[in-house]
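J.: below are the sequence and a predicted model for it; my questions follow.
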Amino acid sequence: MTELTELTAVQLVDGYRKGEFSPVEATRAALERAVSVQPAVNAFVRLDTDDALSRARESEERWRRGKPAGLVDGVPVTVKDILLLRGGPTLKGSKALSASGSWDEDAPSVARLREHGAVFLGKTTTPEFGWKGVTDSPLSGVTRNPYDTSRTTGGSSGGAAAAVALGAGPLALGT
């Protein structure tokens, strides 16, 4: 059997529809993969396990009732730390920004995914303010290429690219 972390968003939605596996199972698998690859690749600034699993349980219930919220209901997604994601800080790869605050707003792209039931795993690395062609920052350090850790992922959405390449969610918002 194919690992859940190897499936595309389309394949996950099809599997949810057929009852072959659930958003909770897919989210757990993506989170486990994220944790396992983080030490070598440094793709994440923050994972939000509790919120992700809560959203996955809500999605699972919608799928059980046959009423998914939208096109990506239950699909694990990561968000580049340039884009606002309600509920947690967006520090843009910089130590100059404060994590304190209400963080009660989504970027438009995040809001559309939220409306469609996406499960947000967390925030991916970016160079400071997204202004470099490599993904390293004073905040999170260097993000490594998943296929050759002596090399860069490129940038500025290197964390997002590394996360998808390694199966830590099939979709990522970058810029």
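T.: Ah, there it is. Residues are numbered from 1 along each chain as shown.

J.: can you give me every residue that contacts the closest residue to Val35 other than its chain neighbours?
T.: Counting by CB to CB, 6 or more residues apart in numbering, Leu47 is the residue found nearest to Val35 once chain neighbours are left out, at 7.1 Å. For every residue, glycine as well, the C-beta is placed using N, CA and C. Leu47 makes contacts with 31, 34-35, 121-122, as judged by CB atoms under 8 Å, 6 or more residues apart in numbering.

J.: quick one: contacts for the most centrally placed residue in the chain?
T.: By CA atoms, centre = their mean, the chain has its centre lying nearest to Thr78, at 1.4 Å. By CB under 8 Å, 6+ apart, Thr78 lies in contact with 44, 120-124, 159-160, 163-164, 168-169, 171-173.

J.: redo that, cut-off 7 Å
T.: Listed by CB atoms under 7 Å, 6 or more residues apart in numbering, the contact partners of Thr78 are 121-122, 124, 160, 163, 168-169, 172.

J.: where does the residue lying farthest from the centre of the chain land on pLDDT?
T.: Within the chain, the residue lying farthest from the chain centre (CA atoms, centre = their mean) is Arg65, at 25.8 Å. You'll see Arg65 listed with a pLDDT of 97.

J.: returning to what we had before: secondary structure of the residue nearest to the centre of the chain: a helix, I assume?
T.: No. Counting by DSSP: H, G, I helix; E, B strand; the rest coil, Thr78 is not part of a helix but strand.

J.: who does it form a beta bridge with?
T.: Gly122, Ala172 (DSSP bridges).

J.: so for it, what's the pLDDT?
T.: Thr78 is given a pLDDT of 98.
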